[in-house]
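# based on what follows, work out the 3D shape:
(chains A and B)
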2 protein chains.
Amino acid sequence: MKTVPVGVSGRHIHLTQEHIEALFGPGAQLTEFKALSQPGQFAAVETVEVIGPKGSFNTVRILGPARPASQLEVSRTDSFALGIKAPVRESGAIADTPGVTLKGPHGEVVLDKGVIVAARHIHFHTSDAEKWGIQDKQTLRVRVGGERGVVFENVLARVHPTFALDMHIDTDEANAAGVKNGDTAEIID
Amino acid sequence: MKTVPVGVSGRHIHLTQEHIEALFGPGAQLTEFKALSQPGQFAAVETVEVIGPKGSFNTVRILGPARPASQLEVSRTDSFALGIKAPVRESGAIADTPGVTLKGPHGEVVLDKGVIVAARHIHFHTSDAEKWGIQDKQTLRVRVGGERGVVFENVLARVHPTFALDMHIDTDEANAAGVKNGDTAEIID
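Model (predicted):
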């Protein structure tokens, strides 16, 4: 049985150091609020306002550390609320994606791209992947049981020696399946 | 191939005639805005404000005609926004469910129960069910393909000579699977 813990991603944003400083002031650094399941990643104390053509979210959590490109990850429900047609993408694949306006205590940033609905995926440490015969970029079927039981297809495997075993789904997927952080899922094939 | 059309249910409310009058005034009647897939059912012109302990929705669509019991159907995402722990239930099964406050142009109604997350289900005309060997109350597995492909388990079959073939899922389920009104799903077993 290939059992993986489930981590539910709420809407969040990754920012470049340049955008952190534009939003929070020259020399600003993110402050760690809580460590995440992937080593070195953290939820920051800082949040930003995210403003779309239809709606906005006042306090969107920033995840650190700073990245080479800014990227807002929302659920499809969120994308309708913002009025932004965000495509389903693997993290980092932001070519030809829509942008959004960000507002912080120091200033505004208009992203010309970077709004995505994150493709469901599982982080595997290389040793987990080897043990189960799973390759990086493979797509898997993964089952969550219970009252709202669901089999998720097209779950992307991401394998790396710095990863910790964790399946990442968004709030729509979690709510559709009735699962919460720390529940488990089973890889079918 | 057992193919069914998908209907996505946004948050909505069914009301008793007594509650319609309390909210809209003595003698008030619902006005038909749009016919729904099930014969005789309609979306009304009228909407109500729904107020939970944490949040509220200004304009929740009323579905008609009036029913013997009032019932608010929300997604799990909605239930978190309202701050109400709504259980997953079949329509009508509102014993031991939480209540909510409603506000209309004429007055307020405090429901002592009736807030549910509707269990995913398929309406079958008796002839469809017979053709496919499906019994009322049976649970099915139903697949939606595509980029966010999902197999929904525990899909309740509801069979009646007044029903039209339609699978009803909520906005969380639709967004998790990347489907919209009028897409199709396939009954696996």
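
# how is chain A carved up into domains?
A:10-117, A:120-187 (automatic domain parsing).

# please, where are all the helices along chain A?
All helices of chain A, identified by DSSP state H, fall at A:17-24, A:76-82, A:126-132, A:171-177.

# tell me which of those is the most buried.
Comparing the helices of chain A by mean neighbour count (mean count of other Cβ atoms under 10 Å in any protein chain shown), helix A:171-177 ranks first with a mean of 27. The way it works is simple: take the backbone N, C-alpha and C, and place the C-beta from them, glycine included.

# low-scoring stretches of chain A, by residue?
For chain A, no stretch is flagged by pLDDT under 70.

# name the residues of it found near chain B, please.
A:75-77, A:80, A:88, A:120, A:145, A:147-154, A:170-173, A:175-178 (Cβ under 8 Å from any Cβ of the partner chain).

# try it again with 6 Å
A:76-77, A:88, A:147, A:149-151, A:153-154, A:172-173, A:175-176 (Cβ under 6 Å from any Cβ of the partner chain).

# quick one: which two of these are the most distant?
Across those, no pair lies farther apart than A:88 and A:147, at 25.8 Å, counting by Cβ to Cβ.

# more crowded one of these two?
residue A:88 (17 against 12; other Cβ atoms under 10 Å in any protein chain shown).

# one step back: just put the helices of chain A in JSON lines and tack on distance to residue A:68.
Below are the helices of chain A laid out as JSON lines (distance: least, Cβ to Cβ, whole Å):
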{"stretch": "helix A:17-24", "distance to residue A:68": "9"}
{"stretch": "helix A:76-82", "distance to residue A:68": "24"}
{"stretch": "helix A:126-132", "distance to residue A:68": "23"}
{"stretch": "helix A:171-177", "distance to residue A:68": "26"}
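
# could you list every residue that touches residue A:76?
A:117, A:172, B:175 (Cβ atoms under 6 Å, 6 or more residues apart in numbering or on different chains).

# can I assume the last one is in contact with residue A:79?
This means residue B:175. No: counting by Cβ atoms under 6 Å, residue B:175 stays clear of residue A:79, with 8.6 Å between them.

# what separation do you get for the residue of chain A most remote from its centre and residue A:69?
The outermost residue of chain A, judged against the average C-alpha position, is residue A:26 (26.7 Å), by Cα atoms, centre = their mean. Per Cβ to Cβ, to the nearest Å, residue A:26 is found 21 Å from residue A:69.

# can you check residue A:95 too?
Residue A:95 is 10 Å from residue A:69, by Cβ to Cβ.

# more crowded one of these two?
More crowded of residue A:95 and residue A:69, by other Cβ under 10 Å: residue A:69, with 13 against 7.

# for the more buried one, give me phi and psi.
phi -140, psi 140 (degrees, to the nearest 10).

# residue A:157 contacts residue A:138, doesn't it?
Yes: assessed by Cβ under 6 Å, residue A:157 is found in contact with residue A:138 at 4.4 Å.

# tell me which of these two has more neighbours.
residue A:157 (19 against 15).

# who's the more buried one bridged to?
residue A:122 (DSSP bridges).

# that one and residue B:100: what is the separation?
42 Å.

# and what of residue A:154?
In terms of Cβ to Cβ, residue A:154 sits 37 Å off from residue B:100.

# before we move on, what about residue A:128?
44 Å.

# now swap in residue A:96 and tell me
42 Å.

# of these two, who's got more company?
Using other Cβ under 10 Å as the criterion, residue A:96 and residue B:100 rank with residue B:100 on top: 26 against 8.

# my read: the more buried one touches residue B:114, true?
No: in this structure residue B:100 lies outside contact range of residue B:114 using Cβ under 6 Å: 7.4 Å.

# between these two, which contacts overlap?
Common neighbours of residue B:100 and residue B:114 (Cβ under 6 Å, 6+ apart) are residue B:72.

# my read: residue A:54 touches residue A:83, true?
Yes: using Cβ under 6 Å, residue A:54 is in contact with residue A:83, at 2.5 Å.

# surely residue A:155 touches residue A:137?
No: look at residue A:155 against residue A:137 with Cβ under 6 Å: they stay out of range, at 11.6 Å.

# more neighbours: those two, which one.
residue A:155 (23 against 9).

# and the more buried one, what does it touch?
Residue A:155 touches A:120, A:122, A:140, A:142, counting by Cβ under 6 Å, 6+ apart.

# show me which of these is closest to chain B.
Nearest to chain B, judged by Cβ to the nearest Cβ, of these is residue A:120 at 7.6 Å.

# report the contact partners of residue A:89.
residue A:116.
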